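> sequence and predicted structure, then a few things I'm wondering about:
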Amino acid sequence: MILAGDIGGTKTLVALYDDSHGTRSPVRQESYRSGDFPSLEEVLFRFLQPGTSTPIRAACFAVAGPVIDGRCKTTNLPWELDERPLGAALKTRVKLVNDLEGAAHGLSAIGPDELEILQPGVKREGNIALIAAGTGLGEAILVRSGESYQVIASEGGHADFAPRNDQETALLTYLRKEYGHVSYERILSGPGLHHVYRFLLESGYASEPEWLKARLATGDPSAVISEIGLSNGHPLCTATLDLFVSIYGAEAGNLALKALALGGVFVGGGIAPKILAKLRDGSFIDAFNDKGRLAGLLRSLQVAVVMNPRMALIGAATVASKL
């Protein structure tokens with residue numbers, strides 16, 4: 001058996017695989033609210049249950065944060081992970097990888113039926129870019145090397161937000177007052193969607209009715225904003241989603257340029273499948289392609305949304321199977 005996990009700021013997926021049967025179908029899988037546990041060890045203790053005797057020959061965990069020398073202090077959780085004590089506790093070899101690095105390893109297992117094409121582009125062999133907004137914003141690059149790919153981890157989601165027009169400049173100014181440094185993750189994430197909403201509200205774009213204020217106070221604000229925005233249920237939510245998606249497309253295009261992603265650009269994470277109708281309306285691709293003299297190159301790239309939410313888990317299992 002091999003053990004794999006996808007450690008996110010909101011939820012943690014853990015699964016056991018019989019790797020003689022591949023990494024698509026786990027023997028057992030559980031999902032936990034990350035914030036309910038003080039550490040990954042506590043999650044694994046719950047998952048494996050005292051007294052179980054299943055031998056684990058290797059484990060890999062894809063974690064939201066930079067992995068350096070086998071250690072990671074998670075970005076959106078108060079957890080500190082270390083391969084050595086985890087390996088000692090599990091009595092096996094453990095590998096930590098960045099969550100988007102894990103997702104990149106799982107990309108090869110994603111079938112055509114699990115992709116939603118936003119821009120067909122031209123089929124080419126070459127580097128691949130992966131971007132994923134969820135609790136945070138992750139980015140990774142797959143570098144073409146012969147007949148295979150080398151996965152390059154990245155913390156590009158924390159790079160400086162670059163506004164493209166007056167409205168985005170005003171958004172930067174608004175967020176800078178609160179956070180100082182403003183990264184793309186401050187906008188392109190679940191909490192970021194709510195930041196964009198607050199900016200539009202406080203800048204006077206539209207007023208907030210009591211029914212909307214009540215829904216935001218009692219539910220997940222980003223989910224409420226997305227739901228109402230997709231149905232055009234209120235101008236504030238619709239405009240929030242418009243601005244969010246445009247900035248998302250622009251940053252996907254930035255990553256495509258930096259990676260020279262001739263092999264395509266893939267949009268993962270938890271948010272994209274939920275707002276697929278908005279991603280399909282053209283605003284994401286318009287912003288993606290709006291790159292001046294290189295607009296023609298961007299228009300030639302395939303852009304697709306990955307609909308399988310287990311890509312990082314599959315990738316972690318793939319890494320573990322190679323240990």
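Sure, I can see it. Numbering: from 1, shown residues only.

> where does residue 308 fall, phi/psi-wise?
The phi and psi values for residue 308, taken as degrees, to the nearest 10, are phi -80, psi 110.

> buried residues, the longest strand seen in the chain. List them.
Among the segments of the chain that qualify as a strand by DSSP state E, the longest is strand 137-145. Across strand 137-145, burial judged by 16 or more other C-beta atoms under 10 Å covers 137, 138, 139, 140, 141, 142, 144. Backbone N, C-alpha and C define where each C-beta goes, glycine included.

> reformat those residues as a markdown table; add pLDDT.
Listed next are those as a markdown table, based on pLDDT from 0 to 100:
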| residue | pLDDT |
| --- | --- |
| 137 | 95 |
| 138 | 94 |
| 139 | 96 |
| 140 | 97 |
| 141 | 97 |
| 142 | 98 |
| 144 | 95 |
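
> and which of the residues you listed is nearest to residue 70?
Of all the buried residues of strand 137-145, residue 70 sits closest to residue 140, with 18.7 Å by C-beta to C-beta.

> so what's that closest one up against?
Going by C-beta atoms under 8 Å, 6 or more residues apart in numbering, residue 140 touches 98, 100, 101, 103, 104, 129, 130, 151, 152, 153, 154.

> of those, which pair is most distant in space?
Largest separation among these by C-beta to C-beta: 98 and 129, giving 14.9 Å.

> the two - which one has more neighbours?
Neighbours around residue 98 and residue 129, counted as other C-beta atoms under 10 Å, are more numerous at residue 129. The numbers are 29 against 24.

> quick check: domain ranges of this structure?
Split into domains by automatic domain parsing, the chain comes to 2-105+311-321, 112-307.

> and the end-to-end length of the first one?
Right, domain 2-105+311-321. From its first residue to its last, domain 2-105+311-321 covers 7 Å (C-alpha to C-alpha, to the nearest Å).

> do the same with the longest one
The first and last residues of domain 112-307 sit 10 Å apart, counting by C-alpha to C-alpha.

> coming back round to it: show me how far the longest strand of the chain is from its chain's centre.
12 Å (C-alpha atoms, centre = their mean, to the nearest Å).

> that strand pairs with which strands, parallel or anti?
Partners of strand 137-145 in the sheet, by DSSP bridges, are strand 128-133 (antiparallel), strand 148-153 (antiparallel).

> which residues touch the residue nearest the centre of the chain?
In the chain, the centroid-proximal residue (C-alpha atoms, centre = their mean) is residue 132; its distance is 3.0 Å. Contacts here follow C-beta under 8 Å, 6+ apart; on that basis residue 132 touches 100, 103, 138, 139, 267, 268, 269, 272.

> if we use 6 Å, what do you get?
Taking C-beta atoms under 6 Å, 6 or more residues apart in numbering, we find residue 132 in contact with 138, 268, 269.

> in TSV: these, plus distance to residue 162.
TSV is the format used below for those (distance: C-beta to C-beta, whole Å):
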residue	distance to residue 162
138	18
268	22
269	20
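
> ok, so of those residues, who is nearest residue 172?
residue 138 (21.5 Å).

> does that closest one touch residue 100 like I think?
Yes - Residue 138 is within contact range of residue 100, at 3.6 Å (criterion: C-beta atoms under 6 Å).
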